[in-house]
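Undergrad: Could you work out the structure for the sequence below:
(2 chains)
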Amino acid sequence: MSFQIADTEYSATAEDVDSKLICASENIAALTEEMMTVRAATPNRVVLDPDKVEQGLAQLVLTVIELLRQLMERQAMHRVEHGTIDDAAIERLGLAFMRLDERMIELKETFGLRDEDLNIDLGPLGKLM
Amino acid sequence: MESLYVYAIADQPDLDLPNVKGIGDMPISGLRAGDLMAVVSSIDGSTVPLSRANLLCHERVIEALMIARTVLPARFGTTTDHAGRIQKTLTINDDCYRANLERVRGRVEIALRVGWEPEAEDPVARPRAADATNGRSYMQALLERTQGSRRRRTMAEELAASLTTGLAELSDAVVEKVMPTPQLLLKAAYLVRREHVPEIRRRIEALRVTYPALAILATGPWPAYSFVEEGNVT
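TA: Here you go, the predicted structure:
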């Protein structure tokens, strides 16, 4: 086996990158945009910048609340679908979730957070939202 | 503070390294432990900015190594402050890394992303409390969203299975995630022998023709980024 590669200058160019493209549909714009938002290589992290510690803590707390809200909603949906909950309880639960939704919107606005800021990566379970 | 940037773990440490520069135009070097080596270069600080130039450089080094060796590519941004720590990691995980090298030897990764438009009648966004007139209507909107999500997932799984059967049968290992986001039908990676790359290209191109409504993006061949099991890091 020859090891001449050590004497060969190797440099990647834009053409090398293009050569990686096997197939791209014409309607690829939306897909690439979606991939940019996924940003799997840099998952969301809670920001604990000393200058923004209040916002960082709010992000952490609201993320936990969002997780709990989704768990509670799923449990409630399961009960509704299986008919193990009466109309009065459905109304009460619905009101509770409405109030929680309104309060979450207020708190996110107060701390300058967006939905994506609470969308943590749960590993094999995927994104929270 | 100076750190070491890690590109890959490779076999054949006695071979000359390729003539390729690392991030920041720094020379690459090999840190040997037994029959394995880590390929590294020095960087200023402990992190490397995520930029097109740095990503291309990371890939360029790994692909240059792949010309004569089997490599386990490191994730972009992997750094350490001490050469001894890398060598200790190589020693501790010797069996694991050797098994990994055998699994990816002579093989490359093909990446596939498929986008789709979710059914318009199925609500994707959360219902807004402001749109509900009472608790019951809000619960009804939540329920419709839940059931819509379930229908979409079932449809996505069936469609993804029909798309990938022909690719999976050419692959030695597959990593697939169906609907990681509502707009992304499939995110997948296939570990294929180099000689199967032309055929897998042909099959992916056929998918594009068969499913014109789907947004299909396939790239490769890449180093086997998705098929390396992490060892115990010291």
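Undergrad: Longest helix in chain B, by number of residues?
TA: The helix spanning the most residues in chain B, taking DSSP state H as the definition, is helix B:135-168.
Undergrad: Which positions within that helix qualify as buried?
TA: B:135-136, B:138-143, B:145-146, B:148-149, B:152, B:155-156, B:159-160, B:163-164, B:167 (16 or more other C-beta atoms under 10 Å in any protein chain shown). Where C-beta positions appear, they are placed from N, C-alpha and C, glycine not excepted.
Undergrad: Which neighbouring elements make contact with that helix?
TA: With contacts taken as 3 or more C-beta pairs under 8 Å, 6 or more residues apart in numbering or on different chains; DSSP states H and E, helix B:135-168 sits against helix A:53-81, helix A:87-110, strand B:107-115, strand B:173-181, strand B:184-193, helix B:197-210.
Undergrad: Of all those, which one is nearest residue B:3?
TA: Ranking these by distance to residue B:3, with C-beta to C-beta as the measure, places helix A:53-81 first at 25.9 Å.
Undergrad: how about the closest one: buried residues?
TA: A:55, A:56, A:58, A:59, A:62, A:63, A:66, A:73, A:76, A:77, A:80.
Undergrad: residues near the spatially closest residue to residue B:138 that is not a sequence neighbour, how many?
TA: With sequence-adjacent residues excluded and distances taken as C-beta to C-beta, 6 or more residues apart in numbering or on different chains, residue B:138 is closest to residue B:132, at 3.7 Å. The local packing of residue B:132 (other C-beta atoms under 10 Å in any protein chain shown) involves 20 other residues.
Undergrad: Strictly from the record, what residue spans define the domains of chain B?
TA: Chain B breaks down by automatic domain parsing into domains covering B:2-105, B:108-226.
Undergrad: cool, and chain A?
TA: Following automatic domain parsing, one finds the domains of chain A at A:4-38, A:50-125.
Undergrad: For residue B:226, which of these is the nearest?
TA: Short answer: domain A:50-125, nearest of the domains of chain A by C-beta to C-beta, at 14.1 Å.
Undergrad: Just confirm residue B:97 is within a helix.
TA: Yes - Residue B:97 forms part of a helix when assessed by DSSP: H, G, I helix; E, B strand; the rest coil.
Undergrad: Where does the prediction get shaky in chain B?
TA: B:118-124, B:231-234 (pLDDT under 70).
Undergrad: Give me the pLDDT value at the residue nearest to residue A:66 when sequence neighbours are not counted.
TA: With C-beta to C-beta, 6+ apart as the criterion, residue A:66 has its nearest non-adjacent residue at 4.7 Å, and that residue is residue A:118. Model confidence at residue A:118, given as pLDDT, is 83.
Undergrad: Can you tell me how far the one residue in chain B that gets nearest to chain A is from residue B:116?
TA: Nearest residue of chain B to chain A (C-beta to the nearest C-beta) works out as residue B:135 at 2.8 Å. Applying C-beta to C-beta, to the nearest Å, the value for residue B:135 to residue B:116 is 34 Å.
Undergrad: what does residue B:86 give?
TA: Distance of residue B:86 to residue B:116, given as C-beta to C-beta: 42 Å.
Undergrad: So what's the residue count around the closest residue to chain B within chain A?
TA: Residue of chain A nearest chain B, by C-beta to the nearest C-beta: residue A:94 (2.8 Å). A count of nearby residues for residue A:94, using other C-beta under 10 Å, gives 24.
Undergrad: Test my guess that it contacts residue B:143.
TA: No - using C-beta atoms under 8 Å, residue A:94 makes no contact with residue B:143, being 9.9 Å away.
Undergrad: so where's chain A uncertain?
TA: Residues of chain A that meet the cut-off, pLDDT under 70, sit at A:1-18, A:34-51, A:120-129.
Undergrad: Is residue B:47 in contact with residue B:80, as I believe?
TA: No - the pair residue B:47 / residue B:80 is not scored as a contact, 11.7 Å apart, by C-beta under 8 Å.
Undergrad: Comparing the two, which residue is more hemmed in?
TA: More crowded of residue B:47 and residue B:80, by other C-beta under 10 Å: residue B:80, with 19 against 11.
Undergrad: bridging residues for that one?
TA: residue B:4 (DSSP bridges).
Undergrad: Roughly how far does it sit from residue A:63?
TA: From residue B:80 to residue A:63 the distance is 30 Å (C-beta to C-beta).
Undergrad: rewinding a little: can I get the domains of chain A in TSV including distance to residue B:76?
TA: Below are those laid out as TSV (distance: least, C-beta to C-beta, whole Å):
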stretch	distance to residue B:76
domain A:4-38	14
domain A:50-125	17
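Undergrad: For residue B:54, find the nearest of these.
TA: For residue B:54, the closest of these is domain A:4-38, at 11.9 Å, according to C-beta to C-beta.
Undergrad: Using CSV, write out every CA atom in stretch B:107-119.
TA: Extracted in CSV, the C-alpha atoms of stretch B:107-119 (Å, rounded to 0.1, in the frame of the first residue of the first chain):
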residue,chain,number,x,y,z
ARG,B,107,-18.8,2.2,5.0
VAL,B,108,-20.2,5.7,4.8
GLU,B,109,-23.2,7.5,6.0
ILE,B,110,-26.0,8.7,3.7
ALA,B,111,-28.3,11.4,5.2
LEU,B,112,-31.9,11.8,4.3
ARG,B,113,-34.4,14.5,5.2
VAL,B,114,-38.0,14.5,4.0
GLY,B,115,-40.4,17.4,4.5
TRP,B,116,-44.1,17.3,4.0
GLU,B,117,-47.2,19.4,4.4
PRO,B,118,-49.3,18.3,7.3
GLU,B,119,-53.0,17.8,6.5
